[in-house]
Structures are given as structure tokens and as C-alpha cells.
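[1] sequence and predicted model, in that order:
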Amino acid sequence: MNKKSINVKTALKQEAAVSYLEALAKSIKSGKIVVQAGDEFVSLLPSKVMELEVSAARKKGKERLTFELSWVTEVEALGDVGLLISSVEPAVAPKVIQVPAANASVTKGPLAKTLATKAPVKSTPAGSSSASK
């Protein structure tokens, strides 16, 4: 969809302003709003959910009431994004821990203590805990 806009600012009588607002309400109800100024026009397809912003102000003899309606248009589907939803957990390959060879020199850290006591090294899958509850 091409970016297209129309902006009009004019002075008009109260009856004409009411007429524009009534035409706007009717167009929203019909599901299509066409705004035209001369040969230029913009067609809008209002969503069932709209955001409304209202602002009212009065100062030094001038009053203003502003209504702004906005909505998000429907977006085309992007196709397959690799998402899968099911009740079955996928099979995960076990995590492999590399243990240094017997003649390797390990002098610091937890692995050095483990090798020094010759305790077997246990591997737990990521996210699980070997501690008892």
C-alpha cells in the first residue's frame, strides 16, 4: 500500500462541521472511509478495534477539541517461521563433557579436584539439577 495523505485546514460553519462528523461516523460504520480534497483522495479501512485520543483546551478566547482515531491494518501472513506447538517435548541430544586424558596436566579448578579424587564425572542435561529436593 502506498503512503498517501491529505491534510485540510479551513474555517466553516457549525452545521458544516456537524455534517462532516456525521459523514465520518457513517463511513466508520460502513467499514470504509474515503477522504477527498479536489482530485486527491485517501481510502481507509477502519479496524474493529481503534485507538481514540481526545484533547480539549481553552485559553485566551480560543477553544480546541481534537479527536484522533488510529488503528492497525491487517498484516499479511509471513509464511512458515519454524514455529511448532505441541504437547510433546523434542528429543534433546545429551550434553557431552570432554574429560582430559590421564596424562594431561590439570592443576587448578574443580576438575583438578575431581581428577585428584578419581571420582566419576556425571553429566546432567542443561536446565536439570542433580541435587535432591
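    The structure has been received and is ready for your questions.
[2] state the helix or strand in which residue 20 lies.
    Assigned by DSSP states H and E, residue 20 belongs to helix 14-30.
[3] show the subsequent helix or strand relative to that helix.
    Where DSSP H and E defines the elements, the next helix or strand beyond helix 14-30 is strand 33-37.
[4] ok, back up a step: which outside residues touch the helix holding residue 20?
    Contacting residues not belonging to helix 14-30 are listed as 33-34, 46, 69 [C-beta atoms under 8 Å, 6 or more residues apart in numbering]. C-betas here are computed from N, CA, C, even on glycine.
[5] tell me the two of those that are most distant?
    The distance between the two most remote of these (C-beta to C-beta) is 14.9 Å, for 34 and 69.
[6] so between these two, which is more surrounded?
    Between residue 34 and residue 69, counted using other C-beta atoms under 10 Å, residue 69 has the larger neighbour count: 14 against 10.
[7] in a helix, the more buried one, correct?
    No. Under DSSP: H, G, I helix; E, B strand; the rest coil, residue 69 sits outside any helix and is assigned strand.
[8] state the distance from the closest residue to it other than its chain neighbours to residue 91.
    Closest residue to residue 69 apart from its sequence neighbours, by C-beta to C-beta, 6 or more residues apart in numbering: residue 50 at 5.3 Å. In this view, residue 50 and residue 91 are 47 Å apart by C-beta to C-beta, to the nearest Å.
[9] ok, these two, which is more surrounded?
    Ranked by neighbour count (other C-beta under 10 Å), residue 50 and residue 91 place residue 50 first, with 11 against 5.
[10] residue 52 contacts residue 71, doesn't it?
    No. In terms of C-beta atoms under 8 Å, residue 52 does not count as a neighbour of residue 71; the distance is 9.9 Å.
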